[in-house]
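**Student:** Task: produce atomic coordinates for the following.
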Amino acid sequence: MTTEVRVGGVGMTPFESDSGRSLVDLAAAAAEEALADAAVDPAAVDALHFGNALAEALDDSAGLANALAAALGLDGASADRIENTSATGASAFHRGVEGIGSRAAGGAGSDRTDVALVVGAEKMSAGDTRSVTEAISRLVHRREYAQGITLPSFGGLAAGAYLDRHDAPREALAAVAAKNHGNAVDNPVAQFRKPVDVEDALDSPIVAAPLRLYDCCPMSDGAAAVVLTRTDGGEPATDRGTEAAPAPRVAGIASATGTHAVAERPDPLSIDSVRTAGERVFDRAGIRPDDVDVACIHDAFTVLELIELEELGFYEPGTAWEATLDGDTALDGDLPVNPGGGLKARGHPLGATGLSQIVELVWQLRGDLPADRRVDGAETGFAINVAGFGNNSVCTVLRA
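**Tutor:** Alright, predicted model coming up:
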């Protein structure tokens with residue numbers, strides 16, 4: 001008997017610079033929306049997986065999974081917290097998918113997990129700019145941190161190397177920013193809903209040359225959540241799926257680590273964790289990159305969207321920038337990339353980002369979105385969430 005994992009419901013708060021809510025309140029709001037979307041009573045939840053990356057560093061919070069379970073009334077459910085720096089949300093989703101059907105993970109009176117609630121949240125406004133920057137700086141290798149090297153530093157070095165190696169114009173990076181900001185304009189949960197054109201991006205202040213302000217993702221508050229359910233053979237799932245809009249299934253999920261110290265990588269434009277996780281997930285899902293209809297790519301810096309698209313096999317090395325300038329990755333292009341705005345414009349609350357990608361894909365695959373936000377006829381969605389500067393990557397394939 002084959003067990004399938006389906007995303008029965010999703011929920012997401014707006015991503016904001018300062019939500020004005022506590023971390024647990026943010027997480028509970030997204031979770032309640034997902035449970036309602038799935039038509040699942042909290043008493044039916046067997047397992048809760050809560051993704052958060054920075055709580056201890058920013059506001060001394062602890063016991064978050066237990067606090068969230070109490071806030072939602074998940075008495076008897078198993079609960080845990082997952083942390084994987086900026087890939088925390090996708091890692092929590094991975095944990096939830098693997099736990100479905102597991103007898104060891106079962107809670108709420110069940111001897112197996114039939115319903116799992118996965119929530120990711122971050123309240124980056126809990127700290128001032130200096131403390132948040134310090135916390136994020138520690139995501140790199142300890143030796144690199146001691147030398148004062150930051151994630152934007154790596155982004156700038158990679159961007160310079162990419163433009164030089166492939167003889168690409170600076171406009172190629174600006175085009176990524178303009179595209180993703182344009183996609184966020186009609187996304188009600190996006191942090192930035194103001195259009196940005198190529199000239200705006202080119203004229204923004206330098207952060208780590210050649211990267212400018214509009215090449216970099218913001219600091220954000222926000223939460224996202226999904227309800228995972230199981231089906232055995234032809235048995236129906238407990239979810240909001242209908243004949244017209246069935247709950248998407250998880251066709252594959254895979255993760256991989258890479259060389260932790262970026263300086264030890266033989267090629268600054270080769271991110272092993274991205275390539276390996278991508279190869280694994282395509283193999284597990286039984287598809288090729290050409291089969292993907294819509295993709296959510298981890299664009300913490302604009303150059304990463306280009307590098308990841310190439311590492312994953314969507315484009316040959318050195319050609320993703322041309323595809324971007326040609327409109328191939330636009331909402332109406334051959335491969336729509338980051339239709340919700342990506343990290344760049346939707347926002348990047350570390351613990352929630354990977355799950356926000358899943359939420360966007362579910363909305364796309366269910367056809368829930370208005371015409372100006374929707375990828376018509378999308379049946380296969382892909383997401384990649386990256387930890388640090390490629391130290392760890394998690395890839396997911398969803399099918400309608």
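**Student:** For the stretch 301-400 of the chain, which segments count as helices?
**Tutor:** Per DSSP state H, counting those that start in this stretch, the stretch 301-400 of the chain carries helices over the ranges 302-311, 320-325, 342-346, 350-366.
**Student:** Now tabulate those helices in JSON lines and tack on mean pLDDT.
**Tutor:** Compiled in JSON lines, these are given as follows (pLDDT from 0 to 100):
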{"stretch": "helix 302-311", "mean pLDDT": "98"}
{"stretch": "helix 320-325", "mean pLDDT": "98"}
{"stretch": "helix 342-346", "mean pLDDT": "98"}
{"stretch": "helix 350-366", "mean pLDDT": "98"}
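**Student:** Name the stretch among those helices that sits most buried.
**Tutor:** Of all those, helix 342-346 has the most neighbours on average by mean count of other Cβ atoms under 10 Å, namely a mean of 32. Placement of C-beta: from N, CA and C, glycine included.
**Student:** I'd like the distance from it to the chain centre, please.
**Tutor:** Computed by Cα atoms, centre = their mean, to the nearest Å, the separation of helix 342-346 from the middle of its chain amounts to 10 Å.
**Student:** who's in contact with it?
**Tutor:** Residues from elsewhere that reach helix 342-346 (Cβ atoms under 8 Å, 6 or more residues apart in numbering): 15, 176-177, 180-181, 183-184, 187, 189-193, 196, 214, 216-217, 296-300, 302, 305, 338, 340, 353, 356, 360.
**Student:** are any of those residues buried, and which?
**Tutor:** Buried subset of these (neighbour count, 16 or more other Cβ atoms under 10 Å): 15, 176-177, 180-181, 183-184, 187, 189-192, 196, 214, 216-217, 296-300, 302, 305, 338, 340, 353, 356, 360.
**Student:** Who is A387 paired with across the strands?
**Tutor:** N392 (DSSP bridges).
**Student:** what's the pLDDT at the nearest residue to Q191 once chain neighbours are set aside?
**Tutor:** For Q191, ignoring the flanking residues on the chain, the nearest one in space by Cβ to Cβ, 6 or more residues apart in numbering is G347 at 3.5 Å. Looking at G347, its pLDDT is 98.
**Student:** G347 is in contact with G222, isn't it?
**Tutor:** Yes: checked against Cβ atoms under 8 Å, the pair G347 and G222 is within contact range at 5.9 Å.
**Student:** who has more neighbours, those two?
**Tutor:** A direct count of neighbours by other Cβ atoms under 10 Å for G347 and G222 places G222 higher, at 32 against 29.
**Student:** Shouldn't that one be within a strand?
**Tutor:** Yes: using DSSP: H, G, I helix; E, B strand; the rest coil, the assignment for G222 is a strand.
**Student:** contacting residues for it?
**Tutor:** 12-16, 19, 26, 121-122, 189, 191, 347, 349, 352, 356.
**Student:** circling back to that earlier point, from F15, how far off is the residue nearest to Q191?
**Tutor:** Using Cβ to Cβ, to the nearest Å, one gets 3 Å for the distance from G347 to F15.
**Student:** list residues touching both of those two?
**Tutor:** Common neighbours of G347 and F15 (criterion: Cβ under 8 Å, 6+ apart): A190, Q191, S220, G222.
**Student:** Just name the closest of those residues to L64, please.
**Tutor:** G222 (15.3 Å; Cβ to Cβ).
**Student:** Surely R284 touches A254?
**Tutor:** Yes: look at R284 against A254 with Cβ under 8 Å: they come within range, at 6.0 Å.
**Student:** Which one's more surrounded, these two?
**Tutor:** Neighbour totals were compared for R284 and A254, and A254 leads with 20 against 15 (other Cβ under 10 Å).
**Student:** give me phi/psi at that one?
**Tutor:** The phi and psi values for A254, taken as degrees, to the nearest 10, are phi -160, psi 150.
**Student:** Chain neighbours aside, what residue packs nearest to it?
**Tutor:** R280 (3.5 Å).
**Student:** Ok, D272 next?
**Tutor:** G258 (3.8 Å).
**Student:** do A44 as well
**Tutor:** Per Cβ to Cβ, 6+ apart, closest to A44 is V115, 5.2 Å.
**Student:** Is the one you found in contact with V45, as I believe?
**Tutor:** Yes: the criterion here is Cβ under 8 Å, and V115 meets it with V45 at 5.3 Å.
**Student:** what's the overlap in contacts for the two?
**Tutor:** V227.
**Student:** Name the residue in these two with the higher neighbour count.
**Tutor:** Between V115 and V45, V45 has the larger neighbour count (other Cβ under 10 Å), namely 30 against 27.
**Student:** Show me where the stretch 101-250 of the chain has its helices.
**Tutor:** Taking DSSP H, counting those that start in this stretch as the criterion, the stretch 101-250 of the chain carries its helices at 129-137, 142-146, 151-165, 171-184, 198-203.
**Student:** With distance to L312 and mean pLDDT as added columns, please give those in CSV.
**Tutor:** Shown next, in CSV, are those (distance: least, Cβ to Cβ, whole Å; pLDDT from 0 to 100):
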stretch, distance to L312, mean pLDDT
helix 129-137, 24, 75
helix 142-146, 25, 76
helix 151-165, 15, 94
helix 171-184, 16, 98
helix 198-203, 24, 98
